[in-house]
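build the 3D model from these lines:
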Amino acid sequence: LPTMAASSPPRSSPLRKLVGYVLLGVVTAVAYWLIRERGLTLVAPDAPPGSSLFGAGAGSSHVDSLLHVLLALVVVIVVARALGMLFAVFHQPPVVGEILAGILLGPSLLGRVAPAAAAVLLPPSVAPFLGVLSEVGIILYMFLVGLELDPSLLRNRGNATAAVGLASIVTPFICGLALALYLYPIAATRDVPFIVFALFLGVSMSVTAFPVLARILTDRKMHKSRMGVIALACAAVNDVAAWCLLAFVVSVVQARAAGAVITFALTVGYVGLIAFVVRPAMVKLARLYGIRGRLTQGVMASVFVALLLSALATHAIGIHAVFGAFALGAVIPHDSGLARELTDRLEDLVVVLFLPAFFAFTGLHTQIAAVSNWSLCALIVLVASLGKFGGSLAARVHEHAERRRVAPAEPGEPCRDQRAAELSERGHQHDERAQ
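You can find the predicted model right below:
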């Protein structure tokens, strides 16, 4: 004990500390006064022509925008979570409540009932910022969906997946073209060519809400089942083809047929790059994680760089950035420790903070008051629904017929047919001998 007391540093009294702090403040004040007196005698050159003057309030708009964005995120998250929980009580997907939250907070309700409150909570100036945040959020979310995708569940289901995906495009597309014959004299104007109107309507019928489908399957815990994986794969095939069709429509409008060909070729090249270059690299990265046993900042940086580049590539091609994120997640082994730790680290942040912003932002752009003819709206929804269900049903019937056509014979039939062939051959030989 005496040794420990001797080695401990001497303690200063509180009065000595107070005096030291006062002296430090006095020295700082004297130094500031001396520098200020010297600085007042200096003269700076005039500002360059056209530049903003000091004190003009250049930074106030940035501060106001940040304030409104943070406030808008708070309102969107609270309302979206509340409505999502309410819909979950009635066994409905929470994503429907999140989209409805955007509609209620947008011009359809809040903007009409309380425009002053809407101008404070969600002014038009925050829309670009919320749009960027929502797009980043949905990119991260689709990456997580791809991480949990089990490609082995698609084994021996490639034909069925392709059939359902393509039938879900072709049937609604034809339905949209047929519906254009009725809608063109009613909803179009003379300056819009019929072929452009019909193609656009057909493509809009063919598109699947890929992120919404993924969110519904995830909320229902179905995204890891065989049916959920097939549904996600079909939706991916469907939307990639639909975006290629949209590129074709744009090329028709702009009289540039090469646009659709370039989009299709780049899409095929991107798929090949993901399958033969990126996938082996991600497998090696997952093995590196297994060796180190933890997710280092270097490994996470590599994954995020690959994610951003993949999303950037698909966005540049014209098939939306979410497909690049989903494709990269799908080529990372889903049962690896890398996939599990990435999911653990990102899932709560993305689902709680970013996803409500995305789906609510979708609803914020919906103006129900702009619909002037609800009967036409109901007709379009009906035709689109029948086209989707009809395409899937047609693919199922075709796949069932193909299975029956190539199914093996009943037990005993192969042996019986072989025995009949042997008897026929022997009879033929006996006839030749008799001759």
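
which is the succeeding secondary structure element to the host helix or strand of residue 160?
Assigned by DSSP states H and E, residue 160 belongs to helix 158-187. Per DSSP H and E, helix 158-187 leads on to helix 194-206 as the next helix or strand towards the C-terminus.

and whichever helix or strand comes after that next one, what does it pack against?
Of the helices and strands lying after helix 194-206 in sequence (DSSP H and E), the nearest is helix 210-219. For helix 210-219, the packing partners by 3 or more Cβ pairs under 8 Å, 6 or more residues apart in numbering; DSSP states H and E come out as helix 94-105, helix 127-147, helix 226-253, helix 321-331, helix 355-364. (C-beta placed from N, C-alpha, C; glycine too.)

which residues touch residue 391?
Taking Cβ atoms under 8 Å, 6 or more residues apart in numbering, we find residue 391 in contact with 164, 167, 168, 169, 170, 171, 172.

the fifth one and residue 19, how far apart?
Counting by Cβ to Cβ, to the nearest Å, the gap from residue 170 to residue 19 is 87 Å.

give me the more crowded residue out of these two.
residue 170 (17 against 11; other Cβ atoms under 10 Å).

contacting residues around the more buried one?
The contact partners of residue 170, taken as Cβ under 8 Å, 6+ apart, are residue 391.

pLDDT (mean, whole number) over the helix holding residue 160?
Helix 158-187 carries an average pLDDT of 84.

quick check: angle from that helix to helix 194-206?
Counting by axes from the mean of the first three to the mean of the last three Cα atoms, to 10 degrees, helix 158-187 lies at 130 degrees to helix 194-206.

quick one: distance of helix 158-187 to the chain centre.
Remark: helix 158-187 is offset 23 Å from the chain centroid, using Cα atoms, centre = their mean, to the nearest Å.

report the angle between that helix and helix 226-253.
Between helix 158-187 and helix 226-253, the angle comes out at 50 degrees (the same axes, to 10 degrees).

okay, now the unreliable bits of the stretch 1-150 of the chain?
In the predicted model of the stretch 1-150 of the chain, residues 1-12, 51-63 satisfy pLDDT under 70.

what ranges do the strands span in it?
For the stretch 1-150 of the chain, applying DSSP state E, counting those that start in this stretch gives no strands.

can you tell me how far the closest residue to residue 220 other than its chain neighbours is from residue 19?
Among residues not flanking residue 220 along the chain, residue 93 sits closest, at 7.2 Å (Cβ to Cβ, 6 or more residues apart in numbering). Remark: distance between residue 93 and residue 19 (Cβ to Cβ) = 68 Å.

ok, residue 375 next?
From residue 375 to residue 19 the distance is 86 Å (Cβ to Cβ).

same deal with residue 211?
Per Cβ to Cβ, residue 211 is found 65 Å from residue 19.

likewise for residue 354?
The gap separating residue 354 from residue 19 is 53 Å, by Cβ to Cβ.

which of the contacts of residue 391 are buried?
Burial by neighbour count, 16 or more other Cβ atoms under 10 Å: within those this picks out 164, 167, 168, 169, 170, 171, 172.

the last one is in contact with residue 203, isn't it?
It stands for residue 172. No. Taking contacts as Cβ atoms under 8 Å, residue 172 lies outside contact range of residue 203: 9.2 Å.

ok, residue 229 - how many residues close by?
Neighbourhood size, residue 229 [other Cβ under 10 Å]: 23.

who are the contact partners of it?
Each residue near residue 229 by Cβ under 8 Å, 6+ apart is listed here: 149, 150, 151, 153, 154, 223.

now swap in residue 186 and tell me
The contact partners of residue 186, by Cβ under 8 Å, 6+ apart, come to residue 376.

quick one: end-to-end distance for stretch 85-101.
One end of stretch 85-101 sits 12 Å from the other (Cα to Cα, to the nearest Å).

just to revisit the earlier point, now the helices and strands packed on helix 210-219 in a markdown table, with distance to residue 268?
Below are the helices and strands packed on helix 210-219 laid out as a markdown table (distance: least, Cβ to Cβ, whole Å):
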| stretch | distance to residue 268 |
| --- | --- |
| helix 94-105 | 32 |
| helix 127-147 | 19 |
| helix 226-253 | 10 |
| helix 321-331 | 13 |
| helix 355-364 | 29 |
